[in-house]
Structure formats: structure tokens, C-alpha cells
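[1] Just to be clear, the model below is a prediction. Sequence and coordinates:
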Amino acid sequence: MQRATAGWGSGMLGVVIFSGSLPATRVAVGSFTPLFLTAARAVIAAALAAALLAALRQARPARGDLGSLAIVALGVVAGFPLLTALALQHITSARSIVFIGLLPLATAAFGVLRGRERPKPAFWLFAGAGSLAVAGFALAQGGGASLAGDLLMVLAILLCGLGYAEGATLARRLGGWQVISWALVLASPATVVAALATMPEAWTGIGAPAWIGLGYVSVFSMLVGFVFWYRGLALGGIAGVGQLQLLQPFFGLTLAGLLLGEAVAWTMVAVTGLVVLCVAGAKRFA
């Protein structure tokens, strides 16, 4: 019980940290292209991760773990950040929440496939209800549809769910922060090349808010958040703790309201309450 409670607490910290990604990204893309932002955040996080691994003298992962680390890198280091950035060139951020609401279901499904978890049937009822609540709220906010944008988001959700589940399974052997650190290091040759190829032609016009946004998504969204998230998934269960992601859009909108001055409607508060109940139900039957 203590292990599961610690897992849910750690997972919640990860979700709160990830929730700051949306406001930070909105600020950063005002001065950086989505491609550069995606690559640069991974490069910065990889440098920090490599220093951490070296300072704590962590042993290299076994050869048999390299395939799983490559899946993590594909899903959460490169795939999800890049595909969502590209999708947001075609659809609104409100519409993207429709797909973010499906991420817990994708994580749970891959947890069954990759982590060999077996949640009770009632779990899927609460998980589905929570996803529908988030998707319904996002659709009610409006937002133009685009086939290209929607397909990119679907692929992003699938890759992210796979990366979450694979990383959580690996974290049971390597540890949460070690998994994301090694995945970042493994992906660094490709991300360094991508960052150099897409870097801005001039740096003089980039203001402090953009640098702060880049710093946040690099240090917290790309590294620190995953330390807590993978630990939470490993301790509390991939399917169950993964349902905490249902709260991420609402945390993000709240932060956007506080930091960017965006309006927070009463409907968001009401749906958040419904989602909390769904998360509680999913936790009980996970």
C-alpha cells in the first residue's frame, strides 16, 4: 500500500510539472520554430542527464535494454514533442486537448501489452469516462478540424503512450531517472544534428520570456518531470497512475490563466471535478 501511495504521489508531481509545458511552449514558439524547440530541449536535457549519470557513476544499461530505451526515445524524446508541434500548425491548442484526453487510455493499453498489467473491467469504465469528459470539454471549446493535424495528434498519442509504458517497465529495473537520462543520451546524436540544422539565423531578437520557456521545457518537461513520472508508473502501476494524465489539460489551462492571463471558465472547474472522480475510480480498480 505504501509503495502504491508513493507511486501515485510521484506520478501527480510529474503531471503537475508536465502541465507547465503548454504555457512555456506557447511563449517559446513565439521566438523559436517548433522543430528547433523540439531538438533544443532534448539536447539541453541530454547534457544535464549525461552529467548526472557521470557524477553518480551509473553503470551503462545492458545491451538487452537498448531496444527498450530506443522505444522510449522515439516516443517521448522525439516523437511526441515533434508531432504535437507539427500538429499545432494545423489545429488549435483547444482541439489538441481532445487527443491529450486519450493519452491515459493509450498508456493503459500499452501497459497491458508491454507491462503485462491486468486492470479490472471496472477500471476501463472509469478510464473511458474520464477520457470522454476531457474530449467533450475540448470539443465544446471549439477549434477547427484538420485531417493532417488530427492524424499527427493520433500518432503522437500512440507514440507517447508506448514510450510511457515502455519506460515504466524499464524503470522497475533501472530506476526512473536513469531511464529518461539514458534515453536522452541515446537520442542525442540525432537531436544535436536537428538542433544545429534548425537553429535561428539571428539570436538578437529573442527575448527573456522565450529563453525561460525553452529552459522550462528542457529541464522540467524533458527531464525532471519524467523522473517523478516514471517512478510513479513503476511503483503505482502503469494503467492506474497513467489516469492522472486526465488532469494535465486542466492544470495546464489553470497555469495559462495565471501566467498568460487567459480566462478560466466555470465549465473547466466542473469537468475537472468529474475527472477527479474518474481518476479515483480508476485508482481503486487498477
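    Sure, I can see it. Numbers count the residues shown, from 1 in each chain.

[2] Now do the helices in the stretch 101-250 of the chain.
    Ranges of helices in the stretch 101-250 of the chain, per DSSP state H, counting those that start in this stretch, are 103-114, 121-140, 147-174, 176-198, 208-216, 225-236, 238-242, 248-260.

[3] what mean pLDDT does stretch 100-118 have?
    When pLDDT is averaged over stretch 100-118, the result is 75.

[4] circling back: and A6, which of the helices of the stretch 101-250 of the chain is closest to it?
    Nearest to A6, of all the helices of the stretch 101-250 of the chain, is helix 225-236, at 5.5 Å by Cβ to Cβ. In this view, the C-beta of every residue, glycine as well, is placed from N, C-alpha and C.

[5] returning to what we had before: want to throw the helices of the stretch 101-250 of the chain into CSV with distance to L82 and mean neighbour count?
    Below are these laid out as CSV (distance: least, Cβ to Cβ, whole Å; neighbours: other Cβ atoms under 10 Å):
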stretch, distance to L82, mean neighbour count
helix 103-114, 16, 23
helix 121-140, 21, 19
helix 147-174, 8, 22
helix 176-198, 9, 21
helix 208-216, 15, 16
helix 225-236, 17, 26
helix 238-242, 22, 30
helix 248-260, 19, 19
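
[6] of all those helices, which lies closest to T25?
    Within the helices of the stretch 101-250 of the chain, the stretch nearest T25 is helix 208-216; the backing value is 6.6 Å (Cβ to Cβ).

[7] packing partners for that closest one?
    helix 21-28, helix 34-55 (3 or more Cβ pairs under 8 Å, 6 or more residues apart in numbering; DSSP states H and E).

[8] If we use 6 Å, what do you get?
    helix 21-28 (3 or more Cβ pairs under 6 Å, 6 or more residues apart in numbering; DSSP states H and E).

[9] Report the angle between the helix it packs on and helix 248-260.
    With axes from the mean of the first three to the mean of the last three Cα atoms, to 10 degrees applied, the angle from helix 21-28 to helix 248-260 works out at 40 degrees.

[10] re earlier: distance to V276 added to the helices of the stretch 101-250 of the chain, as JSON lines?
    Shown next, in JSON lines, are those (distance: least, Cβ to Cβ, whole Å):
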{"stretch": "helix 103-114", "distance to V276": "13"}
{"stretch": "helix 121-140", "distance to V276": "9"}
{"stretch": "helix 147-174", "distance to V276": "21"}
{"stretch": "helix 176-198", "distance to V276": "25"}
{"stretch": "helix 208-216", "distance to V276": "26"}
{"stretch": "helix 225-236", "distance to V276": "17"}
{"stretch": "helix 238-242", "distance to V276": "15"}
{"stretch": "helix 248-260", "distance to V276": "9"}
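
[11] Please identify which of these is closest to F18.
    Judging the helices of the stretch 101-250 of the chain by Cβ to Cβ, what sits closest to F18 is helix 225-236, at 4.9 Å.

[12] elements contacting that closest one?
    Against helix 225-236 (3+ Cβ pairs under 6 Å, 6+ apart) you get helix 2-19, helix 147-174, helix 176-198.

[13] looking at those helices, which is closest to V219?
    helix 2-19 (9.9 Å).

[14] Check what contacts that closest one and list those residues.
    220, 225, 228-229, 231-232, 235-236, 241, 244, 247-248, 251-252, 255 (Cβ atoms under 6 Å, 6 or more residues apart in numbering).
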